[in-house]
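Q: here is my input, please return the structure:
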Amino acid sequence: MSQIVFFGNRQKTAVLSLIAFLFGLSVMNAQCSLTGWKKFSQGETFSVALKEDGTLWMWGQNINGILGNGSGAATIVKVPTQIGTANDWTDISVGRWFVLAKKSDNKLYGWGDNQYGNLGIGNNAAQYSPVMISENVKSFSAGYHHTMIVKTDGTMWGTGYNEWGNLGAGTTLGYYNVWQQETSLATNWDKASAGYYNSFGIKTDGTLWSAGANVQGQTGTGVTSGAAVNFAQIGTDNNWKDVSCGVYHVLGLKTTGKLFGWGSSANGRLGIAGAGSQFFYTPQAIEAASDYKQIATSWDASAIMKSDNGIYAFGVNHNGITGGTAGDTFNLAPQQVGTDTNWKTLALRVGGYHFGAVKEDTTVWAWGADNLFQLGNSDGVTADKNFPTQVSCSEFLAVNEIKTNESKISLYPNPAKDKVFIKHQEKLNQIKVYNTNGALVKSISDFDNGSAINISDLPAGVYLVQVNNETQSFKLIKK
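A: Sure, this is the predicted structure:
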């Protein structure tokens, strides 16, 4: 039997050195790592990111079950925390308070808020754990309260909020909680994009189509009022690459790198210098240059990446998201945020009042509102930032000040091949096992003291075991 005893904070330095020596493993943060980030998407008050190892993580306000751990309790997650244990996620998109993620088998999962049926599962109940909502998914996009997908057969479908006809299903029925195919039944859709009250689609021939609210020209078709309940083509061009929709404004990017905008230009939302407050009912070139790579929109601001790998922003500067003094608005051409030119991936959807991006070194950064720790920068304060700050982790797994007779944990056998037993003098409410990359690989709730944990499904190697969500951990060797 192997017994591990933890010590108090007054012995922290000595204990950390001793643990590293005895275990042959440096003490590390088992919750996250600074690098290895691939994609990033932001909801209203939270962030979700995908790592290169196929794991999913979140931080900020955990509401409606965003953390995906089966609980609907609202909590604040200050640093990246893994969602479940799966490591075969390939893509993500987030709505206002819900998450969509696709696995390598093209199955789409969703969880979180579902009040308008935006998960398409036949009810309007929030889902506190990932649930499979569609198969054979090629492209998908989470809007404010609705979801749009393109299947591998080239058909487009939507579910959720539809009061403005934004599902393209031919009606303005308030919502659908099961999937509706768009009315043309076309089979040559390539990409879907859901906004707040609008939806867009790009076909395999490069044409751009839209449906939904048009009170300020958001559809881009030239129609000046009302709602479009069926998808209609925007112009005749066939070289569209991407589209992103805010509440009243839209950005569109062409394969040439040319950037366009339409809808409301109030408060500089479109980045068209000198445009003032007016509605554009068809796409307008934002600048003469053709040097844009990525686009993203928020409520009433925008972020873009140019070919120099710099990030630029424009629109209402809530909480410093566009890089200036909070409260300022830009009625200017796009302004650079910071000076760095080593950005790789702009957030797929920027948050209501916080923006973010991944750098070429696979670190992830965020700026803007931080009232609910949605920046994840581990500085311990809820202070807004008008410049990119790195999303980080706790410096190391702390050693708590606890009584010796309460801290004795028995782990045996160790090393182990198929099963390992854990005994503790307290009730074991939660046991988590992490690999040395910080990924959660096994989670067990309400564990019976002294029972066996099956580890036969884990690859041989070194793991860290955490008990009852405390910051302390100990090492397990799997043979």
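Q: just the strands in the stretch 251-400 of the chain please.
A: Under the criterion DSSP state E, counting those that start in this stretch, the stretch 251-400 of the chain contains strands at 259-264, 279-285, 292-297, 301-306, 311-315, 335-336, 343-346, 354-359, 364-368, 385-390.
Q: give the contact list for Leu253.
A: 240-243, 259-260, 292, 294-295 (C-beta atoms under 8 Å, 6 or more residues apart in numbering). C-beta coordinates here come from the backbone N, C-alpha and C atoms, glycine included.
Q: and it, how close does it get to Leu208?
A: Distance of Leu253 to Leu208, given as C-beta to C-beta, to the nearest Å: 10 Å.
Q: what is the neighbour count of the spatially closest residue to Trp97 that is not a sequence neighbour?
A: Excluding the flanking residues, the one nearest Trp97 by C-beta to C-beta, 6 or more residues apart in numbering is Asp113, at 3.9 Å. Using other C-beta atoms under 10 Å, Asp113 has 23 other residues around it.
Q: contacting residues around Asp113?
A: Applying C-beta under 8 Å, 6+ apart to Asp113 gives the contacts 63-64, 95-98, 126, 145.
Q: can I get the contacts of Leu253 in TSV including distance to Ile121, pLDDT and neighbour count?
A: TSV is the format used below for these (distance: C-beta to C-beta, whole Å; pLDDT from 0 to 100; neighbours: other C-beta atoms under 10 Å):
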residue	distance to Ile121	pLDDT	neighbour count
Trp240	31	98	25
Lys241	32	98	19
Asp242	28	98	19
Val243	27	98	28
Leu259	37	97	26
Phe260	36	98	27
Tyr292	37	96	24
Gln294	31	97	21
Ile295	31	97	23
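Q: just give me the closest of the residues you listed to Asn87.
A: For those, the residue nearest Asn87 by C-beta to C-beta is Gln294; the value is 26.0 Å.
Q: in the sheet, who's paired with that closest one?
A: Note on Gln294: beta-bridge partners Met305, judged by DSSP bridges.
Q: wait, it sits on Ser307?
A: No - Gln294 lies out of contact with Ser307 (C-beta atoms under 8 Å); the separation is 10.2 Å.
Q: does Leu348 touch Ala296 like I think?
A: Yes - with contact defined as C-beta under 8 Å, Leu348 reaches Ala296; the gap is 6.9 Å.
Q: related to what we said a few turns ago, which one of the strands of the stretch 251-400 of the chain lies nearest to Ala169?
A: Proximity to Ala169 (C-beta to C-beta) singles out strand 259-264 among the strands of the stretch 251-400 of the chain, at 22.3 Å.
Q: angle of that closest one against strand 301-306?
A: 170 degrees (axes from the mean of the first three to the mean of the last three C-alpha atoms, to 10 degrees).
Q: so what are the sheet partners of strand 259-264 and their directions?
A: Partners of strand 259-264 in the sheet, by DSSP bridges, are strand 249-254 (antiparallel), strand 279-285 (antiparallel).
Q: name the surrounding residues that touch the longest one.
A: Counting by C-beta under 8 Å, 6+ apart, strand 279-285 makes contact with 216-217, 220-224, 234-235, 252, 258-265, 270, 272, all of which sit outside it.
Q: domain map for this protein?
A: What automatic domain parsing lists as the domains of the chain is 2-30+407-478, 37-390.
Q: how far is the last one from where the chain is centred?
A: Right, domain 37-390. Relative to the mean C-alpha coordinate of its chain, domain 37-390 is positioned 10 Å out (C-alpha atoms, centre = their mean, to the nearest Å).
Q: that domain: end-to-end distance?
A: 12 Å (C-alpha to C-alpha, to the nearest Å).
Q: out of the strands of the stretch 251-400 of the chain, deepest packed?
A: Highest mean neighbour count among the strands of the stretch 251-400 of the chain (mean count of other C-beta atoms under 10 Å): strand 364-368, with a mean of 28.
Q: what angle separates it from strand 311-315?
A: Using the same axes, to 10 degrees: strand 364-368 against strand 311-315 is 20 degrees.
Q: which helices and strands sit right next to strand 364-368?
A: Applying 3 or more C-beta pairs under 8 Å, 6 or more residues apart in numbering; DSSP states H and E, we find strand 364-368 packed against strand 37-42, strand 354-359, strand 385-390.
Q: can I get these in a markdown table with distance to Met132 and mean pLDDT?
A: Formatted as a markdown table, those follow (distance: least, C-beta to C-beta, whole Å; pLDDT from 0 to 100):
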| stretch | distance to Met132 | mean pLDDT |
| --- | --- | --- |
| strand 37-42 | 19 | 95 |
| strand 354-359 | 27 | 96 |
| strand 385-390 | 34 | 93 |
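Q: next, format the ones you listed as a markdown table and append distance to Phe140.
A: Shown next, in a markdown table, are the helices and strands packed on strand 364-368 (distance: least, C-beta to C-beta, whole Å):
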| stretch | distance to Phe140 |
| --- | --- |
| strand 37-42 | 12 |
| strand 354-359 | 20 |
| strand 385-390 | 27 |
